[in-house]
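Q: The sequence and its predicted three-dimensional model are supplied below.
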Amino acid sequence: MHKGYLCLVLHSHLPFVRHPEYEDFLEEDWLYEAITETYIPLIWTYEGLVNDGVDFRITMSLSPTLISMLCDPLLQERYVKHISKLIELAHREIERTSWQPQFQQLAIMYLNNFCRARDTFEGYKRNLVMAFKKFQDLGKLEVITCGATHGYFPLMDVCRDSVRAQVKVAVSQYESIFGRKPRGIWLPECGFHPGHDEIFKEAGIRYFFTDAHGVLHGTPRPKYAVFAPVYCKGTGVACFARDLESSKQVWSSIEGYPGDYNYREFYRDIGFDLEYDYIKPYIHPEGIRISTGIKYYRITGESNIKEPYDPAGARQKAADHAGNFMFNRQRQAEYLRDFIRKSPIIVSPYDAELFGHWWYEGPIWLDFLFRKMHFDQQDIRAITPSEYLMENPRNQVITPSMSSWGWKGYSEIWLQGPNDWVYRHLHSASERMTELTKQFPLAEGLLRRALNQALRELLLAQSSDWAFIMGTGTHVPYAVRRTKDHVLRFTRLYEDIKSEALDEEWLSELESKDNLFPDIDYRHHQ
């Protein structure tokens, strides 16, 4: 008998950024960086574990917008150009650093990684979603869905039809790719509002996640705190809550592992360090300096003085931290089982992009963790939520409370001075979408295309990423522009539909530009 269970969850999401009207668009780099530094290294980790016969379990959400981009031929082609340019830069770096052996060895490391990344990308026929599907089919990975465009559900409850559309569109896309409905959903920003579990049940979803206080402040109070799932009253949909201790131990750059001085320094990139004329061909065509992914220094300390990065030392530190994490979970499970008289499940969710992108050694740490759990102990067992519910079908029934993660835990990141203006427009558009759905229940032809595109534009406007960016103060003009563009496109479609004056040429342009969810059905918004 295991003393407890560990449920590791990686939330993988990027907003839909695709601009065919530009040859090179700055914000598209978000996807290319994540592919090179997070998604492909995670695939390497999973492949290594499977090849070595190491049993493991991990849960990953793949947001529908991320899936749409990973499956898009235009973005796939642009990624190949991106990684090929990095390979060219790495070759030049090997030559430039020939008189600096320590830096040259790092340049060789980056060249090997970039070449291997391109080979992996091509090996999966440029569609990395198929890689994750493979690991799910092997029973090692459980892929769950998310809101269609990562809309923040609690602030959409004014028009619940939009919450329903976010869920239905996501489930439909998932089923078309993975061959079955998703068993779980990652709520965007962990945002839960009581009653939304009814929508999840309608869509066939069995479980979701909240931050700790979503369950701790539920009614009645949970008997086992966050260390067992609860069933939502009236629906039976399971809710798993985040364990604060194990989460903070990993994600915190101050108190957690990623801030260790031996790890690679994220903020020292040759895209900013080297002379402009040398690096110009490898940054944005307009001359904007950007990160290349080639970083030669370790964190070293709190000052600006940095020492060269030592991959071997960082790898050893990742192994030490994996052992420390496992030890802490063993002691935590042992204590909790004696206290609550039940084997606890410790739910540890993180943004996937922490692993590899922000914390370069994250995938290595994950690899060591699963190997140590497999070979060195029998106290805790890695498990997916579906497996846990199958083995432990009896759980307490409560009503979880409204909650989110982020600053203060109750929506403040997405509803504050810089971004509070967006919601009256989103709510008005949602009500108009419901109006259209009721007025045209059986639309065909051009009208159906327009209604489908109207729902796409509404969903894109609802993305929580735009409000988040406005709140944090990075890329604000882009976030404002995206919000306004999608609301204005929706509004024109609404008015054209109502006045029976559809412009097919303009509609075709929108369908080409905002082309996610090709099989969308506007009637999901009801």
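A: Arrived safely, thanks for sending. Every value quoted in this text rests on a predicted model; they were computed, and no experiment measured them. Numbers count the residues shown, from 1 in each chain.
Q: Tell me how this protein divides into domains.
A: Domains of the chain are assigned by automatic domain parsing as 4-71+127-264+309-407, 415-524.
Q: Check which element follows the lowest-mean-pLDDT helix or strand in the chain along the chain.
A: Least confident helix or strand, the chain: helix 244-251 with a mean of 91, by mean pLDDT, DSSP states H and E. Sequence order places helix 270-273 as the next helix or strand after helix 244-251, per DSSP states H and E.
Q: roughly how far out does that next one sit from the chain middle?
A: Relative to its chain's centre, helix 270-273 lies at 27 Å (C-alpha atoms, centre = their mean, to the nearest Å).
Q: List the buried residues of whichever helix or strand comes after it.
A: As assigned by DSSP H and E, the chain's next helix or strand after helix 270-273 is helix 276-279. By neighbour count with 16 or more other C-beta atoms under 10 Å, helix 276-279 contains the buried residues residue 279. No exception for glycine: its C-beta is placed from N, CA and C like everyone else's.
Q: After helix 276-279, which helix or strand is next?
A: Toward the C-terminus, helix 276-279 is succeeded by helix 311-340 as the next helix or strand (DSSP H and E).
Q: Which neighbouring elements make contact with that next one?
A: Judged by 3 or more C-beta pairs under 8 Å, 6 or more residues apart in numbering; DSSP states H and E, helix 311-340 is in contact with strand 4-12, helix 244-251, strand 345-351, helix 362-375, strand 380-382.
Q: Out of the ones you listed, which is closest to residue 279?
A: Residue 279 lies closest to helix 362-375 among the helices and strands packed on helix 311-340, at 26.5 Å (C-beta to C-beta).
Q: Now do the closest one: which elements does it pack against?
A: Using 3+ C-beta pairs under 8 Å, 6+ apart, helix 362-375 sits against helix 40-51, helix 311-340, strand 380-382.
Q: got the CA coordinates for the first one in PDB?
A: Read it as helix 40-51. Presented in PDB, the C-alpha positions along helix 40-51 are these (Å, rounded to 0.1, in the frame of the first residue of the first chain):
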ATOM      1  CA  ILE A  40       9.900  19.400 -27.300                       C
ATOM      2  CA  PRO A  41      12.100  19.000 -24.100                       C
ATOM      3  CA  LEU A  42       9.000  17.500 -22.300                       C
ATOM      4  CA  ILE A  43       8.600  15.100 -25.200                       C
ATOM      5  CA  TRP A  44      12.300  14.100 -24.900                       C
ATOM      6  CA  THR A  45      11.700  13.500 -21.200                       C
ATOM      7  CA  TYR A  46       8.600  11.300 -21.800                       C
ATOM      8  CA  GLU A  47      10.400   9.400 -24.700                       C
ATOM      9  CA  GLY A  48      13.400   8.700 -22.400                       C
ATOM     10  CA  LEU A  49      11.200   7.400 -19.600                       C
ATOM     11  CA  VAL A  50       9.200   5.100 -21.900                       C
ATOM     12  CA  ASN A  51      12.300   3.800 -23.700                       C
END
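Q: Please name the residues that touch the closest residue in space to residue 344 that isn't next to it in sequence.
A: Taking C-beta to C-beta, 6 or more residues apart in numbering, and ignoring the residues beside it in sequence, residue 344 has residue 227 as its nearest neighbour in space, at 3.6 Å. The contact partners of residue 227, taken as C-beta atoms under 8 Å, 6 or more residues apart in numbering, are 243, 336, 340, 342, 344-346.
Q: run the last query once more with 7 Å
A: 336, 340, 344-346 (C-beta atoms under 7 Å, 6 or more residues apart in numbering).
Q: Now do residue 76: how many residues are near it, please.
A: Neighbourhood size, residue 76 [other C-beta atoms under 10 Å]: 18.
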